[in-house]
Every structure is written in structure tokens, then in C-alpha cells.
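Enquirer: mind folding the following:
(chains A and B)
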Amino acid sequence: MAGIRLEGLRKEFGHVVAVKELTLNFPDGKFAALLGPSGCGKTTTMNMIAGLETPTAGAIYFDDRRMNDVPPGKRGVGFVFQNYAIFTHMTVAENIGFGLKIRHVDRATIEKEVKKVAELLQITDMLDLNAGRLSVNDMQKVALGRSMITRPRIFLLDEPFSNLDAAFRAYMRGELKRIQREIGQTMIYVTHDQVEAMSMADNIAVMDFGVLQQFGSPDEVYNRPVNTFVANFIGSPNMNFVKCSYRVEDGQGWLVQHNGNARVPVDDRRRRLLEQRSDNAELILGIRPEHLHLHSQQDSPDLLSVTVHFVEPLGPKTVVHLRLGRDIVRAIAPAAYRAATASVQWIGVDPAFMHIFDGNSGLVIR
Amino acid sequence: MSKANIWRTVLRYVLVIIVVGMFTFPTYWMVSMAFKPKGEWSSAAGTIYWVPENPTLDNFDTVLTEYQGKFFRANQSSALPSIRSSIIVSVGATLFALLLGTLAAYGLSRFSMDTGDLPWYIALGRMALLIIAMLPFMVLWARLGIIRYWYGILTFTLLGIGVDQAIGRLLARFYKGPTGSLAFSILQLRMFPPMAIMIPVMLMWSAFKLVDTWYGLVIIYGVVTFPFVVWLMKSFFDEVPRELDEAAIVDGSSNWGAFIKVVLPLVKGGLASTALFVFILNWSDFLVALLLTTRYWPTIPVFLNTLVSSEIGAQHGPKAALGLLAVIPPVVFGLMIQRYLVRGLTFGAIKK
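Expert: Numbers count the residues shown, from 1 in each chain, chains lettered A, B, ... in the order given. A predicted model of the protein is given here:
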């Protein structure tokens, strides 16, 4: 077991900066996810941790040992690739036992260890099959087994489930979490799927354009996003963003919509924060769809008038797309909710769940 | 079936038979001639024998034994040394080219820092500059009388490399584009027909005492076929995902281990078809062997050529017999690797 510490890690490919001064601390024995859109540098970061890429600058520590100059095979990491990298000219057992064979472990021990891993993954019955003939789902398990056999201190998984069909992916999410708990090793998991990250990880590092945006527990990144990127990337349907500015009227602070005439009151704490700032003309109000409450009548004077754009029934819930002035916002309604297009409805905003961002920098104000 | 359709089918088959006949008849003729007695293969009698009427192994006997008698015979010496020579040289050269070419191809496939292909006019300009720059040195080396000796050739070659590098640096000052891909430069070597360089090679080989040695032939064949091996093998390696090497490396292998245990087994089909391709090139070469052998190491094609002369006439029967023997190794090799072959030969053709 080992914790991983990245210090000012940077990687350039020619003129392209893939990772910019990344400083991160993955705690020992925890399941962490590196989350971000394609090309944000998450795979490059993984490759640097594994030793497959040499950092341009910065350092990588496992516990307190600097790993920059340690060759990949000696770092004690297990790596599962997005395309599994199965050795198709070997059997399943040979694939799983590869790491031990390289280390010249005797045959009996290899057999025993392979069997143990196969049992953990529930693939004992296919050990003698040619690995090239497996289904994608089984290849995934073999790749996982091969990375586990040498009992690495750290597991790195690069989008391991992106090629699986939806049902098996959901199953493997549970399996992986179970395996991680059983072996208790540090796992880092690269994904662009926020549901995967949210459902499995103890900690999530959100990256964009090679820059770390936020690192925290799923709760933290979901409920306390530090900027509009994180707020937008995490959560489905996405968070609603409404351009607005801050104004004081009738002794009360208001966020006033730019593309319409809606306004919502600001609580005292936020009001103090906003009033310390010099410029409140460009703000963004962020609010998650589940924190917008739909009403068919104006039950209270604070409700905002909207018209229904369209209704999207998803089964367990219904997403309602609404026009608020010239902005479109989404709200989540119960499964049975239906409303006619263009009908007038009312929404209430829960001030406790409002996120206010600086319109220029995108950073949260709190 | 209507009448028109029947005729169309008949016509189609007739055409197929004609084309197949055109391609297979020479082979048939060689096989049949190998077993004909002299009276049947020579046209002296004015009759054409389509099949051997008195099949005989005389032609094989003639070509494989040394002649001791005092009467005149087609060949004085046996073809056995040339068969040995062909086998040693072709196998040796194939292994040589495969060993170096495969390693080079793997390197180019995995670690290349190519920046795109050089435009042809820059490449050509650079070549022309090099030749112009080297001309005075050539004259000087000739005047000094050292161009015929190994040290003269060596110094001239090293100087050439140095001058080429200098020209490259100079060009880089004015031209800020792609600097060219190494893989393509290697293939470009093949754009010189080997014959264009054979006269200088003859001089060099004679200076280095490589003429009429098996290793002299191995080196020149290896060098000439090296680009083929690199180009073919690189396309095979490119098909193997990099993640396979990386997976092996993370699991504890060295770069070498990943190459030998993981990547090489996956391209063994490609390796086999490349080997066959190169082997056939070496095996059937005539001109290089003719120019670089004299007495001890003529290969089969060179020996075949001695079966025609003004003294003995054209010895078609023995030639056919030796030709038939010469066909055996490539055919056997080809059958052995048949299942890889079709894939191998169509491989680099289609890029995804």
C-alpha cells in the first residue's frame, strides 16, 4: 500500500502542455478518480505515475520515495488499459501469470496465485482459453487479473469500462469497488464519466486542459464546486447557469437576470461576500435541476414565472426544460409530472443550494 | 439457361483457360524439359515434344556431377557448390536483413520522433548538394591514388557523412519545415536501383577483399533488402497496440522482454512473410552475384548462365533440371508459411 503525492507535475509534448503543474495527494488505500473530458491530461498523468511517460518537470512520490527515476516495472503498480492490452497469443492463465513469469517465480506458485486471482474475479472456468477469443467483458476481467497478480501497491485503471456494454459496466462498477475493498489497495481510476467517478471513488480529482480544477470527496465536488467547470461537468442533467448581476433594491440584495427580468434574493452571508467585491456586474448563478421546485400556481411572491419548453420523461424522474426569460433552465420533477408545452409554470429557488460564480473567472464566490 | 448465357459462360471459361495457360505453361515446360533426353529438348530434330517420351534423369546427372571423362560435355563442374553457395548466401542474407531490419522497424514504430515527411525538392536538393560537394574530394582521392584502397574508401565515406550532416545543418537554417521521417529515408534507399550502385560496390568490395566470399554477398544482399524489411515490419509493428508493450513493461519486463515475449510473437506471421519475400529476392538475384563472384561462390543463377556458351551451345535440359531444383526451397518455404502469406502480402497495402 502506498499513498501517491504529485508535486508540480508537468508534461509537454512539443508545444502542447498536457499537464500543468499538478500537485495532488492521493491518500493511501483509497479509491480516487481522475475525472475530466477527453484530452484534459488525465491519461498522461496516469502514464507518468506508472512511469510510461517521463515528466517534463515535477516529482512523483509513493509514500515518501521519489519515483521519477524508478523504471515502471519496479514501481509496484498494476495498470489496466482502456483497450485491455490482452496478450492474444497466450491463454488466460498465461496472461494473468505474466507478471510472475517475468519475475521467474516457480511454476507451482504461479499456478496457485493465478487460481487465487481467478477466483476473486470469478473467471476460474476460462483459464485455459485462448485470451484472443474472449468477449470484451471477459478481457476486461483478465486485464484486471493480470494487473493484480504481482500484488501491486497501487492500481491504475485507465477508463477500464468505457468499451463495456451498459449492464456489464454497472456490474463491474460494483465488482471493482468490492475488489478494492477486499484487497485494500490504493486505486486511481481515470474516467470521463462522472457517474462512474461519483459512484465508486472516495476522492475525485477533476481536471481540465491539464489543470487540476478541484480535488475532494464526491460530496464536495458535487455540492461545493469551486468553479463553473466543475459545477457543469458533474451532475446529470447539468447544473443550470444564469447570467446575472447583483443589485440592492428595497434594502434587499438581488441577483438580477441578464437575459430576462427574473430576480432572486440573496441571503445575508452571500450578500456580505458580494458587497466586499468591487464589481458585481458579471455574475453567474448556478443551481442544480433538482433544487428548482416546480409549482403550477404562484404560491408565494418569490416564485419565478417560466414557460415549459419541453418535457423529458426519463422513467424514475422527469426533466422539465423551461424558458426563464431568454435562458433555458432544467428542473427535475417527479416521474408522473406532465405539463403542456408553452404553459406557464412557477419555480422556486432554494437559496441554500445557490452557487454564485464570478462571470469572468468562473470561480465560486462563497 | 438461355443461349446467350451459355456462350457467355463458354467464352469466360475459354479466356480463363488461356490466361492460366499463359502463366503456367513456362513452369510446365521447365518441368517437362528437365526429364527429356537431349534429343527431345534440343530443337535439332525439328520436332517439338510436348511431353517427355523417354523420361530420363540424365539432365540431373549432368548438372550435379563433375565430369571426369575426356569427351566434351556441357559443364565440367558440378552445380552442387553453387547450390550450397545459394543456400548459405540467401539464408545468411535473409537472417542478416531480418535481424537488423526488424529491430530498426520496432524502434521506428515505437520510438520514432518523426516530424513528417520532407518535401521531395528539399530531399533532392540536399542529395544534389552532397554530390556536388563531394566531387572535388573524389578527384582529390583519385589523384592521391587512395580511392582504390580500403582506407581511401573508409575516409571518403566518413567525410561524406560529415559533409551531409553539415549540409543538413545549413539547410535547417533556411528551411523550418518538417525534417523528414527516418522511416521514409530508409525506404528511399530503395529508390536507387541496386544496379546503379553496383560498379562502386564492386570497387569497394574488391578493396575490402569481399569479392567471391559468402559474407561479401550476405552483406550486399542484406543491405539491399534491409529497407524492405524495415518498411514491411514497421507496418506490422504499427498494428500491434502500444499498450501491449506498456502492459508488459508495467508488469516488470524490460523493453527487450516486452519486444521478445509480447510483440514479436504477435507479428510472427508478418515476420515469416517478410522472410519469404526477402529470401526469394536473394535467391533469384543474378546480377549482383555475377558481379561479385568469380570462382568459389557463384550462386545458382550464375551457374545456370554457364550452361550457355559458344562451345557447348544452350544446354536447355540441364538448365531446366537445375531450375527445377532451384524452385524447391522457395516453394517449400512458401507452403510452410502459407497460412500467414495472404495476410502478409496484402498487409501494408491498406492503411486504416
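Enquirer: can you show me the strands along the stretch 1-150 of chain A?
Expert: With DSSP state E, counting those that start in this stretch, the ranges of strands along the stretch 1-150 of chain A come out as A:4-13, A:16-26, A:31-35, A:57-62, A:65-66, A:77-80.
Enquirer: ok, which of those strands comes nearest chain B?
Expert: Across the strands of the stretch 1-150 of chain A, chain B has its closest neighbour in strand A:77-80 (4.3 Å, C-beta to the nearest C-beta). The way it works is simple: take the backbone N, C-alpha and C, and place the C-beta from them, glycine included.
Enquirer: hmm, that closest one touching chain B?
Expert: Yes - Strand A:77-80 reaches chain B (C-beta under 8 Å from any C-beta of the partner chain) through A:Val77, A:Gly78, A:Phe79.
Enquirer: can you pull the contacts of A:Ala32?
Expert: Taking C-beta atoms under 8 Å, 6 or more residues apart in numbering or on different chains, we find A:Ala32 in contact with A:Phe26, A:Thr186, A:Met187, A:Ile188, A:Tyr189, A:Ala201, A:Asp202, A:Asn203, A:Ile204, A:Ala205.
Enquirer: now those: which count as buried?
Expert: A:Phe26, A:Thr186, A:Met187, A:Ile188, A:Tyr189, A:Ala201, A:Asn203, A:Ile204, A:Ala205 (16 or more other C-beta atoms under 10 Å in any protein chain shown).
Enquirer: ramachandran angles for the last one?
Expert: Read it as A:Ala205. Geometry field for A:Ala205 lists phi and psi as phi -110, psi 120, criterion degrees, to the nearest 10.
Enquirer: write out the residues of the stretch 201-350 of chain B neighbouring chain A.
Expert: Residues of the stretch 201-350 of chain B that fall close to chain A, judged by C-beta under 8 Å from any C-beta: B:241, B:243-244, B:246-254, B:257, B:261-262, B:265-266.
Enquirer: the helices in the stretch 151-300 of chain B, which residues?
Expert: When assigned using DSSP state H, counting those that start in this stretch, the helices of the stretch 151-300 of chain B occupy the ranges B:182-188, B:198-207, B:214-239, B:242-250, B:255-257, B:264-266, B:268-284, B:287-292, B:300-305.
Enquirer: wait, doesn't A:Val195 sit right on A:Ser236?
Expert: Yes - with contact defined as C-beta atoms under 8 Å, A:Val195 reaches A:Ser236; the gap is 6.9 Å.
Enquirer: which residues of chain A lie near chain B?
Expert: By the criterion of C-beta under 8 Å from any C-beta, the positions of chain A lying close to chain B are A:47, A:50-52, A:71-74, A:77-79, A:81-85, A:87-89, A:98-99, A:102-103, A:143, A:146-147, A:150.
Enquirer: ChimeraX command to pick out the buried ones of those residues?
Expert: Below is the selection syntax for ChimeraX that covers the buried ones among those, with 16+ other C-beta under 10 Å defining burial:
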select /A:47,50,51,52,72,73,77,78,79,81,82,83,84,85,87,88,89,98,99,102,143,146,147,150
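Enquirer: now what about the longest helix along chain A, what contacts it?
Expert: When secondary structure is assigned using DSSP state H, the longest helix within chain A turns out to be helix A:166-183. The contact list for helix A:166-183, computed with C-beta under 8 Å, 6+ apart, reads A:31, A:120-121, A:137, A:140, A:144, A:148, A:155, A:157, A:160-161, A:164, A:187, A:189, A:196, A:199-200.
Enquirer: any low-confidence regions in chain B?
Expert: Low-confidence regions of chain B, defined by pLDDT under 70, span residues B:1, B:44-45, B:67-76, B:112-118, B:177-191, B:310-311, B:341-352.
Enquirer: quick check, nearest of the buried ones among the contacts of A:Ala32 to A:His321?
Expert: A:Ile204 (27.7 Å; C-beta to C-beta).
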